[in-house]
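Novice: 3D, please:
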Amino acid sequence: MSERVLTLSNIWKRFGDVDVLRGIDLEVNTHEVVALIGASGSGKSTLLRTINLLERIDDGQVMLRGTDISDPAIKADAVRARIGVVFQHYNLFPHMSVLDNVTLASRHVLGQSKDVAEARGLELLERIGLAPQARSFPDRLSGGQQQRAAIVRAIATSPELLLLDEVTSALDPELVAEVLDLVRELKSEGTTIVMATHEMAFARDVADRVVFLDKGVIAEQGPPAQVFGAPREQRTKEFLGRTFP
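Specialist: This next block holds a predicted model:
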């Protein structure tokens, strides 16, 4: 049986008087790719931010391989060293080369030597065709190249879990495919991924499980063939009817 990587139990998150997450329960197993879908404001990004402790939950429990990382006493930086995260916007440091961006966490969080970290970074950049740009600054790369570099930075430390938050939403349409191809490759290598996406066809084809969020609750979840082909909930049918006819 697959090992449980992530367990979310009754997760609540409020901003002011608004309940953005309302009792979320979710389990993610090793090597599983879980796609979060739903309208803007449904809670997808907030859910990812609570997993990475960028937002503290108001109630519930987040377990990472058996460790309660929602415990207020937990060291957030130690947790983030175990979780890779990529946001909508690349967030590469503009004053650092691509290689320095990729190796930053390996050197300063994991304590790897510069030589070891750079060897790993160059290997990863070579795999995605960016080795020639390793010494360039991010502004010399296209948007798709920058986002692929951001994903490589997130996996350079071999995280236990990779979170992807709408990683194609800021890209021109012609650049989307190259980023999604990299996600496909990570899936084929067994990376455990939770991704919020509006790319419905990609979620259908790549995810092991699709989770539909609606107004802060999980309205439906299941294998892609079931959620996209025979959704059970009326809210799911209505959402897919608008976004994935």
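Novice: how about the longest helix along the chain: buried residues?
Specialist: Selection of the longest helix in the chain by residue count, based on DSSP state H, yields helix 173-188. For helix 173-188, burial by neighbour count (16 or more other C-beta atoms under 10 Å) applies to Leu175, Val176, Glu178, Val179, Leu180, Leu182, Val183, Leu186, Lys187. To be clear about C-beta, it is placed using only N, CA and C from the backbone, and glycine gets the same treatment.
Novice: State the mean pLDDT of the very next helix or strand once past it.
Specialist: Moving toward the C-terminus from helix 173-188, the next helix or strand (DSSP states H and E) is strand 193-196. Confidence for strand 193-196, expressed as mean pLDDT, is 96.
Novice: What count of nearby residues applies to the residue lying closest to Ser97 once chain neighbours are set aside?
Specialist: Closest residue in space to Ser97, ignoring its immediate chain neighbours: Arg135 at 5.1 Å, by C-beta to C-beta, 6 or more residues apart in numbering. By the criterion of other C-beta atoms under 10 Å, Arg135 has 11 neighbours.
Novice: Was I right to think Arg135 contacts Val98?
Specialist: Yes - judged on C-beta atoms under 8 Å, Arg135 makes contact with Val98 at a distance of 7.4 Å.
Novice: For the closest residue to Phe87 other than its chain neighbours, which residues count as its bridge partners?
Specialist: In space, and not counting its chain neighbours, Phe87 is closest to Asp165: 5.0 Å by C-beta to C-beta, 6+ apart. Taking DSSP bridges as the rule, Asp165 bridges to Ala196.
Novice: hmm, back to that, mind checking how far the residue nearest to Ser97 is from Arg120?
Specialist: 16 Å (C-beta to C-beta, to the nearest Å).
Novice: Please apply the same query to Ala225.
Specialist: From Ala225 to Arg120 the distance is 37 Å (C-beta to C-beta).
Novice: Which one of those two is surrounded by more residues?
Specialist: Arg120 (18 against 10).
Novice: Now Gly216: phi and psi?
Specialist: The phi/psi pair for Gly216 (degrees, to the nearest 10) reads phi 90, psi 10.
Novice: what does Arg153 give?
Specialist: phi -60, psi -40.
Novice: Near the spatially closest residue to it that is not a sequence neighbour, how many other residues are there?
Specialist: Spatially, and ignoring its direct neighbours in sequence, Arg153 is nearest to Val102 (4.7 Å; C-beta to C-beta, 6+ apart). Using other C-beta under 10 Å, Val102 has 28 other residues around it.
Novice: For Val102, identify the helix or strand it belongs to.
Specialist: helix 98-108.
Novice: same deal with Ser45?
Specialist: helix 44-51.
Novice: Show me what secondary structure element comes after that helix.
Specialist: Using DSSP H and E, the next helix or strand after helix 44-51 towards the C-terminus is strand 59-64.
Novice: That next one packs against which elements?
Specialist: Contact analysis of strand 59-64 by 3 or more C-beta pairs under 8 Å, 6 or more residues apart in numbering; DSSP states H and E lists strand 4-15 as its packing neighbours.
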